[in-house]
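>>> dropping a prediction and its sequence here:
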Amino acid sequence: MIMNEQDKFAQQVVNHMMEHDKFSQWLGISVLEIKEGYSKIQMQVREEMINGFGIVHGGIAFSLADSAFAFACNNRNNLSVALDTSINFTKAVQVGDTLTAEAKENHNGRSTGLYFITITNQNNETVAHFKGTCFRTGKPLMK
């Protein structure tokens, strides 16, 4: 796949973010694809991620989606922070599942952005839908 200059830069920004993102590292996130305003990431669900009901804690899927959101909304090197997020769970997640989060930009404004993230499991079943609105600070992430 041939990347244009904007997408190459977006990848560099996300690489920089991942270097400093200890939580995404702990989750075991792998970055699969980055384009301007877009990200696709993946992780394997581990035993220590289950809740008291024996299913994976909802915070795990939320955190994966939140990381995809962050990578998509920050990859133009404009430091952006979450203003509002929500998630709808559609299927329980189990230990051993491989989750993929795909973040797509719906709106790229000067001061805000809107992103929709779909999380699927290894069987391509949707397990959650996440929506995130970000605020753009106008400050660069990378100098």
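Cool, the structure landed.

>>> check the residue most central in space within the chain and give its pLDDT.
For the chain, the residue nearest the mean C-alpha position is A68 (1.0 Å; C-alpha atoms, centre = their mean). A68 is assigned 98 on the pLDDT scale.

>>> measure it to Y115 for me?
Distance from A68 to Y115, counting by C-beta to C-beta, to the nearest Å: 8 Å. Every residue, glycine included, has its C-beta placed from N, CA and C.

>>> what does A101 give?
Taken as C-beta to C-beta, the span from A101 to Y115 is 11 Å.

>>> do A82 as well
For A82, the distance to Y115 - C-beta to C-beta - is 10 Å.

>>> where do the contact lists of those two overlap?
With contacts defined as C-beta atoms under 8 Å, 6 or more residues apart in numbering, the residues shared by A82 and Y115 are 69, 132-134.

>>> could the residues you listed go into TSV alongside distance to Q122, neighbour count and secondary structure?
As requested, these are arranged in TSV below (distance: C-beta to C-beta, whole Å; neighbours: other C-beta atoms under 10 Å; DSSP: H, G, I helix; E, B strand; the rest coil):
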residue	distance to Q122	neighbour count	secondary structure
F69	22	25	helix
G132	24	25	strand
T133	29	19	strand
C134	29	26	strand
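
>>> out of those residues, what pair is the most spread apart?
Greatest spatial distance among these (C-beta to C-beta): F69 and T133, at 9.4 Å.

>>> mutual contacts of the two, please.
82, 85, 115.

>>> from those residues, pick the one nearest N4.
When those are compared for distance to N4 (C-beta to C-beta), Y115 wins out at 20.6 Å.
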